[in-house]
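K.L.:
got a predicted structure here, sequence first:
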Amino acid sequence: MKLLLDESLPKKLKHSLPEHEVSTVAEMGWRGIKNGKLLTLASLNFDAFLTADQNLGYQQNLKMLPLSVVVLEAYSNRLTDYLPLVENLKLALLSLEQKSYTTVRT
């Protein structure tokens, strides 16, 4: 699965998902692009967008999502706080439906 890591997540998180093709927003040259346009750009190349932005569901029309969105909820923005979510994230990705919105917690 091709995944895009939002700039709100630690970029080293991608190394915890070796079974997927993971790119970061920065690697794509999309830093600073607002969520609506970012989701549209991501939908052209990726299957899912991973983010920490818990407000995304309120900011975007979820019925019109151009790709799947997975929100990761951690205590802080440090990699060590996201690592315990990796197993639940992997499970969520296995059953991820197209153009869906999912939240992953510990």
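P.N.:
Received, thanks.
K.L.:
sec struct for the closest residue to residue 16 other than its chain neighbours, please.
P.N.:
Nearest residue to residue 16, sequence neighbours excluded (CB to CB, 6 or more residues apart in numbering): residue 86, at 4.6 Å. In this view, the C-beta of every residue, glycine as well, is placed from N, C-alpha and C. For residue 86, the assignment made with DSSP: H, G, I helix; E, B strand; the rest coil gives helix.
K.L.:
count of neighbours near residue 86?
P.N.:
Residues within reach of residue 86, counting by other CB atoms under 10 Å, total 14.
K.L.:
so how far is residue 98 from it?
P.N.:
22 Å (CB to CB, to the nearest Å).
K.L.:
show me the helices in the chain, by range?
P.N.:
25-28, 35-43, 56-59, 79-82, 86-94 (DSSP state H).
K.L.:
mean pLDDT and distance to residue 70 for the ones you listed - can I get that in a markdown table?
P.N.:
Formatted as a markdown table, those follow (pLDDT from 0 to 100; distance: least, CB to CB, whole Å):
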| stretch | mean pLDDT | distance to residue 70 |
| --- | --- | --- |
| helix 25-28 | 97 | 14 |
| helix 35-43 | 90 | 12 |
| helix 56-59 | 74 | 10 |
| helix 79-82 | 96 | 12 |
| helix 86-94 | 97 | 6 |
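K.L.:
and residue 17, which of those is closest to it?
P.N.:
helix 86-94 (7.3 Å; CB to CB).
K.L.:
helices or strands up against that closest one?
P.N.:
strand 68-72, strand 101-104 (3 or more CB pairs under 8 Å, 6 or more residues apart in numbering; DSSP states H and E).
K.L.:
from these, which stretch is densest packed?
P.N.:
Here the criterion is mean neighbour count by mean count of other CB atoms under 10 Å, and of these the winner is strand 68-72, at a mean of 23.
K.L.:
then it to CSV, C-alphas only?
P.N.:
Output in CSV follows, covering the C-alpha atoms of strand 68-72 (Å, rounded to 0.1, in the frame of the first residue of the first chain):
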residue,chain,number,x,y,z
SER,A,68,-8.4,7.1,2.8
VAL,A,69,-7.4,9.0,5.9
VAL,A,70,-5.9,7.5,9.0
VAL,A,71,-5.6,9.7,12.1
LEU,A,72,-3.1,8.6,14.7
